[in-house]
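[1] Got a predicted structure here, sequence first:
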Amino acid sequence: MDVSIRKRAQTLLAGFAALLACLQQAAGGPAVLTEPSTGLVLYAEDADQPWRPASLTKLMTAYLAFEAIRDGQLSPEDVVTSTALSQSQPPSKLGMPLGAQLTVDLAVKALIVKSANDVAIMLAEKIGGNVDNFVDMMNKTAARLGMTNTHFVNPNGLPVFNADGTTEAPDQAVTTARDMALLANMILREFPQYASIFALTEVRIGKRLVTTHNGLLKSYDGADGMKTGFVCAAGYNVVASATRNGRQLVAVVLGERSGAARTVRAAGLFEHGFEVYPWKAVLAPTLATWPVETPEGAKAPDLRNIVCNGRKLAKISNKDEKKKGKRPALNPGHRMPAQGNKKKLQAADARSILKPGQ
């Protein structure tokens, strides 16, 4: 073999080995790619591995709000009220004064765009009468939808601590990529009239303009929802939707090491789904027919030491993510499309936040 050809072959092999090692190192947690209209599963990786949902929990809170509106138990013009319990929630939150009120319509938008932990409590108290009742509703609804490996403990996905405030309680929220895909599909199929809420990149609440944590909405062509989630133990999660040529897909990514990494991985799943669909659809199972295969004795991992260097979960917020300024290199082979047009909500009426009696 010619020396130059041998060297070129060795260079190519070395490059391939480096690429493979980089991809293996960049791989995160569980992932699922589905098509909501048919329930087809186009890609799955560790789909039944237990995981902490973090703020993906708020998708169920929103689902119950949509159900209550549909059933006439709630109106978008009704108001939710800031209470001592809602005020006690750590960021991300609106930080409303005690007794301040917010319309249900704007509360749901703050829940999704801002991922407001206090607003999740306010909605829970409005719909369920109290948080315990609402959590019971969440779990009964999860069971009804077929989310067999999901258990919620609060409306916002924050970790629960023991009385000492420094150690976690044994009962924590848990879900799987499959279950989150199922919930997202049900939202999009049952409540298409609210799809625009999940596509918002910003919303004005009184004098404040709050913006989304979902990087896909600003960087991926066709992205149109849905919700991010983050606590140290869970890593960076996202349930995302994207539409091209009239075909909508939902990607679930759990346990990435940064917000940028979850964006890149979700984008890669979408690219895969849009490219392989014509032949994959013939062979793909559906969420309804695909057997659940939870590993025996599997538990949700704790990524705190990896993602947050051992810091307490309650002390880490999305603001901390920005302060750290750490962004991993993009996965090889994943090319982010050009930035799309930014979607904006018309300025909401400042009167949507009212104090009692006003």
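    Nice, thanks for sending it over. Being a predicted model, the structure only gives us computed values, none of them experimental. Residues are numbered from 1 along each chain as shown.
[2] Show me what counts as buried in the helix or strand hosting Val282.
    Per DSSP states H and E: Val282 is located in helix 259-283. Under the neighbour-count criterion of 16 or more other CB atoms under 10 Å, helix 259-283 has 259-274, 277, 280 buried. No exception for glycine: its C-beta is placed from N, CA and C like everyone else's.
[3] got the contact list for the residue lying closest to Trp51 once chain neighbours are set aside?
    Spatial nearest neighbour of Trp51, excluding adjacent residues (CB to CB, 6 or more residues apart in numbering): Leu254 at 4.7 Å. When contacts are counted by CB atoms under 8 Å, 6 or more residues apart in numbering, Leu254 touches Gly28, Gly29, Pro30, Ala31, Trp51, Ala177, Met180, Ala234, Gly235, Asn237.
[4] do that again at 6 Å, thanks
    Shown in contact with Leu254 (CB atoms under 6 Å, 6 or more residues apart in numbering): Gly29, Pro30, Trp51, Ala177, Asn237.
[5] just Met122 next, same as before
    Each residue near Met122 by CB under 6 Å, 6+ apart is listed here: Val80, Ser86.
[6] 7 Å instead?
    Val80, Thr81, Ser82, Ser86, Leu102, Ala107 (CB atoms under 7 Å, 6 or more residues apart in numbering).
[7] Do a quick rundown of the helices in the stretch 151-300 of the chain.
    According to DSSP state H, counting those that start in this stretch, the stretch 151-300 of the chain carries its helices in the segments 177-190, 195-198, 216-219, 259-283.
[8] in the stretch 201-350 of the chain, what spans have low per-residue confidence?
    Across the stretch 201-350 of the chain, the ranges flagged by pLDDT under 70 are 277-281, 310-350.
[9] residue contacts, the nearest residue to Gln49 once chain neighbours are set aside?
    The shortest distance from Gln49 to any non-neighbouring residue, by CB to CB, 6+ apart, is to Pro30 (4.8 Å). For Pro30, the contacting residues are Glu45, Asp46, Ala47, Gln49, Trp51, Thr176, Ala177, Leu254, Gly255, by CB under 7 Å, 6+ apart.
[10] Now do the phi/psi pair for the third one.
    Backbone dihedrals for Ala47, given as degrees, to the nearest 10, come out at phi -60, psi -20.
[11] so it touches Arg178, yeah?
    Yes: judged on CB atoms under 7 Å, Ala47 makes contact with Arg178 at a distance of 4.3 Å.
[12] Spell out which residues are contacts of both of these two.
    Joint contacts of Ala47 and Arg178 (CB under 7 Å, 6+ apart) are Val32.
[13] and these two? which has more neighbours close in?
    Comparing Ala47 with Arg178 by other CB atoms under 10 Å, the one with more neighbours is Arg178, at 28 against 25.
[14] OK, contacts around the more buried one?
    Neighbouring residues of Arg178 by CB under 7 Å, 6+ apart: Val32, Ala47, Asp48, Leu287.
[15] what do you get for Thr176?
    Pro30, Ala47, Asp48, Gln49, Pro50, Trp51, Asn149, Thr150.
[16] now swap in Asn117 and tell me
    Counted by CB under 7 Å, 6+ apart, Asn117 has contacts Gln89, Pro90, Ser92, Lys93, Asn156, Leu158.
[17] Need the nearest residue in space to the fifth one, chain neighbours excluded.
    Closest residue in space to Asn156, ignoring its immediate chain neighbours: Ala120 at 3.7 Å, by CB to CB, 6+ apart.
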